[in-house]
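[1] turn this into a structure:
(chains A and B)
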Amino acid sequence: MIRLDLRHKSFGSTSVLGEIELEIKAGEHVALLGPSGIGKTTLLNILTGLDRDFDGTLSSRSRIGMVFQEPRLLAWRSALENLILVSGCSKETALDAMAAMGLSGKEDNFPSQMSLGQQRRLSLARAFAIEPELLVLDEPFTSLDHALVREMLELTRSLARSRGMAILLVTHSGPEADFLADIHYRLEGTPARLRRMDGLTDQ
Amino acid sequence: MRGRFSGEIFIRAISIALILAAWGIASAVANDPQLLPGPVPVARKMASEAATGELWIHLFATLMRVLAAFVLALAVGIAVGMFMGRNRTANSWLDTLLVLMLNLPALVIIVLCYLWIGLTEAAAVTAVALNKIPTVVVMIREGARALDRKLDEVASVFHVPPGVRIRHFLVPQMAPYIAASSRSGLSLIWKIVLVVEFLGRPNGIGFQIHLGFQLFDVTLVLAYALTFVIVMLAVELLIIQPVEVRANRWRQA
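    Okay, here's the model as predicted:
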């Protein structure tokens, strides 16, 4: 579904990523772990097609829904418009996605009228609204309280399973990775390479 | 909110009355209707010019020039400003020209346009637009530089179509900059339009002011000048401010 053969990625003279092979098949749930600053987001930008300036090949035919570290909403459009405009979905799909995230009744709110937790759930709803084959999550649960993280993890897992979508989760939290993904990779070294980990994370 | 609003209108009304009173007193003290006519003779002149239809002909001619120059300046200024703000190489190349244009006196541009293009309507509108374009470019370039790249990434990942990107991602972010350049644009443009008319047009407020200047008719000059100030204030209050309030609604939410 998505396959990356990366030979090398650098910013100027700084080498960030070394040789990396990564393939995600339909329905697979993959977690990408590693300390901050190692290049997780850089790898993600390459995988999602945001960064094309790298040495290697990417083949991706899948529709990607992405949840960023920050909610990244259109502050000047209502919650519902945010979903419809960005994902291009119908109003019904948008309303369903909002309801699934427990955001019913917030349709007309501007993002600034919502709590950070609600904004993050809206950004998750937006990713689901395009009915993606691959859901990419870039540390989407940082700075949320535990109860909310738990709730969002469960929502994400059940929705992804019921719709058979693949997941790529970037995180530095072992428990999150354990909960959401079956396949764990760790990014380490300089320049960073991928190491597949067996079983549960050691973090 | 309503109370504060009506309070503001009250203060405005008082301040206008005070300005008129000061003008009346100054004219009474000067005691020379030729040099400084009071508000009443000027208002009478406005009424008589309006009654003959002269006022409307010249007002309309000027407004059309303002509108044409405004649209031209904004269209070109926005396009060039966006281009320079988004493209560093383009900015390096064009910045010198921009600085040159910013520092070229309005009068020089007007005279050169008349000399090169001729004493035509096209020359007049071009001269006014050329005076305004550089300041629009500067403001729009600022806005283009401040665009949120993170939202660009959202649009890319989600394959948002170009039309939606422009209308819902780009325009709302640029709106404050476009509004600011429209606002400052309008006030600069109408002042320059008068100069252009003064120097080389057979009609318009500027032409009438030229006539008043030659006849030493201060009443005529003031009557036409005030009419135009009133019209431009109305444009500001009835068009520009409501549009701005609408564009900024989400900020107050």
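[2] what strand or helix carries the residue of the stretch 51-200 of chain B found nearest chain A?
    Each residue of the stretch 51-200 of chain B has a distance to chain A, by C-beta to the nearest C-beta, and the smallest belongs to B:Pro172, at 4.2 Å. In this view, the C-beta of every residue, glycine as well, is placed from N, C-alpha and C. Taking DSSP states H and E as the criterion, the element that holds B:Pro172 is helix B:171-200.
[3] averaged pLDDT, that helix. What do you get?
    For helix B:171-200, the mean per-residue pLDDT is 89.
[4] which neighbouring elements make contact with it?
    helix B:54-86, helix B:106-117, helix B:121-145, helix B:205-214, helix B:218-235, helix B:241-247 (3 or more C-beta pairs under 8 Å, 6 or more residues apart in numbering or on different chains; DSSP states H and E).
[5] if I pick B:Phe169, what's in contact with it?
    Applying C-beta atoms under 8 Å, 6 or more residues apart in numbering or on different chains to B:Phe169 gives the contacts A:74, B:151-152, B:155, B:160.
[6] could you redo the last one with a cut-off of 6 Å?
    Applying C-beta atoms under 6 Å, 6 or more residues apart in numbering or on different chains to B:Phe169 gives the contacts B:151, B:155.
[7] that one - that's part of a strand, no?
    No - read with DSSP: H, G, I helix; E, B strand; the rest coil, B:Phe169 is helix and lies in no strand.
[8] residues from chain B in reach of chain A?
    Within chain B, the positions lying close to chain A (C-beta under 6 Å from any C-beta of the partner chain) are B:150, B:153-154, B:156-158, B:160, B:164, B:168, B:172, B:250, B:253.
[9] mind listing the strands for chain A?
    Taking DSSP state E as the criterion, chain A contains strands spanning A:2-11, A:14-17, A:20-24, A:29-33, A:55-60, A:64-67, A:134-138, A:166-170, A:183-188, A:193-197.
[10] export these to a markdown table and tack on distance to A:Thr42, mean pLDDT and mean neighbour count?
    What follows is these, written out as a markdown table (distance: least, C-beta to C-beta, whole Å; pLDDT from 0 to 100; neighbours: other C-beta atoms under 10 Å in any protein chain shown):
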| stretch | distance to A:Thr42 | mean pLDDT | mean neighbour count |
| --- | --- | --- | --- |
| strand A:2-11 | 6 | 91 | 17 |
| strand A:14-17 | 5 | 90 | 16 |
| strand A:20-24 | 11 | 92 | 18 |
| strand A:29-33 | 11 | 93 | 24 |
| strand A:55-60 | 13 | 90 | 13 |
| strand A:64-67 | 15 | 93 | 24 |
| strand A:134-138 | 11 | 94 | 24 |
| strand A:166-170 | 11 | 94 | 24 |
| strand A:183-188 | 10 | 92 | 19 |
| strand A:193-197 | 13 | 87 | 15 |
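[11] columns distance to A:Leu47 on top of those strands, output as a markdown table?
    Conversion of these to a markdown table gives the following (distance: least, C-beta to C-beta, whole Å):
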| stretch | distance to A:Leu47 |
| --- | --- |
| strand A:2-11 | 6 |
| strand A:14-17 | 11 |
| strand A:20-24 | 7 |
| strand A:29-33 | 9 |
| strand A:55-60 | 7 |
| strand A:64-67 | 8 |
| strand A:134-138 | 7 |
| strand A:166-170 | 7 |
| strand A:183-188 | 12 |
| strand A:193-197 | 12 |
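[12] which one of those lies nearest to chain B?
    Smallest distance to chain B across those (C-beta to the nearest C-beta): 4.7 Å, for strand A:64-67.
[13] so which elements touch the closest one?
    Secondary-structure packing of strand A:64-67 (3 or more C-beta pairs under 6 Å, 6 or more residues apart in numbering or on different chains; DSSP states H and E): helix A:116-129, strand A:134-138.
[14] how big is the angle separating the shortest one from strand A:20-24?
    Between the direction of strand A:134-138 and that of strand A:20-24, the angle (axes from the mean of the first three to the mean of the last three C-alpha atoms, to 10 degrees) works out to 130 degrees.
[15] so what touches strand A:134-138?
    Around strand A:134-138, the neighbours that count as contacts under C-beta under 6 Å, 6+ apart are A:44, A:62, A:64-69, A:127, A:160, A:165-170.
[16] do the longest one as well
    Taking C-beta under 6 Å, 6+ apart as the criterion, the residues outside helix A:116-129 that touch it are A:65-67, A:71, A:79, A:83, A:86-87, A:89, A:93-94, A:97-98, A:101, A:103, A:111, A:135, A:148, A:159.
[17] just want the most central residue of chain A.
    The structure's chain A has its C-alpha centroid closest to A:Leu137; by C-alpha atoms, centre = their mean the separation is 1.3 Å.
[18] hey, what's that residue bridged with?
    Beta-bridge partners recorded for A:Leu137 (DSSP bridges): A:Val67, A:Leu169.
[19] related to what we said a few turns ago, so which of the helices and strands packed on strand A:64-67 comes closest to B:Leu107?
    Proximity to B:Leu107 (C-beta to C-beta) singles out helix A:116-129 among these, at 53.6 Å.
[20] next, the buried residues of the closest one.
    By neighbour count, and taking 16 or more other C-beta atoms under 10 Å in any protein chain shown as the criterion, the buried residues in helix A:116-129 are A:117-129.
[21] for chain A, longest helix please?
    Scanning chain A for the longest helix, with DSSP state H as the assignment, gives helix A:146-163.
[22] that helix vs strand A:29-33, what angle?
    Computed by the same axes, to 10 degrees, the angle between helix A:146-163 and strand A:29-33 is 140 degrees.
[23] check the offset of helix A:146-163 from the chain's centre.
    Helix A:146-163 has its average C-alpha position 13 Å from the chain's average C-alpha position, going by C-alpha atoms, centre = their mean, to the nearest Å.
[24] name the helices or strands packed onto it?
    In terms of contacts (3+ C-beta pairs under 6 Å, 6+ apart), helix A:146-163 is packed against no helix or strand at all.
[25] run the last query once more with 10 Å
    The elements that helix A:146-163 packs onto, with contact taken as 3 or more C-beta pairs under 10 Å, 6 or more residues apart in numbering or on different chains; DSSP states H and E, are strand A:29-33, helix A:91-100, helix A:116-129, strand A:134-138, strand A:166-170, helix A:174-180.
[26] okay, those in JSON lines with distance to A:Asp198 next?
    What follows is the helices and strands packed on helix A:146-163, written out as JSON lines (distance: least, C-beta to C-beta, whole Å):
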{"stretch": "strand A:29-33", "distance to A:Asp198": "13"}
{"stretch": "helix A:91-100", "distance to A:Asp198": "33"}
{"stretch": "helix A:116-129", "distance to A:Asp198": "29"}
{"stretch": "strand A:134-138", "distance to A:Asp198": "22"}
{"stretch": "strand A:166-170", "distance to A:Asp198": "18"}
{"stretch": "helix A:174-180", "distance to A:Asp198": "13"}
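[27] between those, which one is closest to B:Leu94.
    Checking the helices and strands packed on helix A:146-163 against B:Leu94 by C-beta to C-beta gives strand A:134-138 as the closest, at 36.9 Å.
[28] contact partners for residue 60?
    In the absence of a named chain, chain A is used. Taking C-beta atoms under 10 Å, 6 or more residues apart in numbering or on different chains as the contact definition, A:Ser60 lies against A:1-4, A:24, A:47-49, A:133-134.
[29] I was after chain B.
    When contacts are counted by C-beta under 10 Å, 6+ apart, B:Phe60 is found next to B:203-204.
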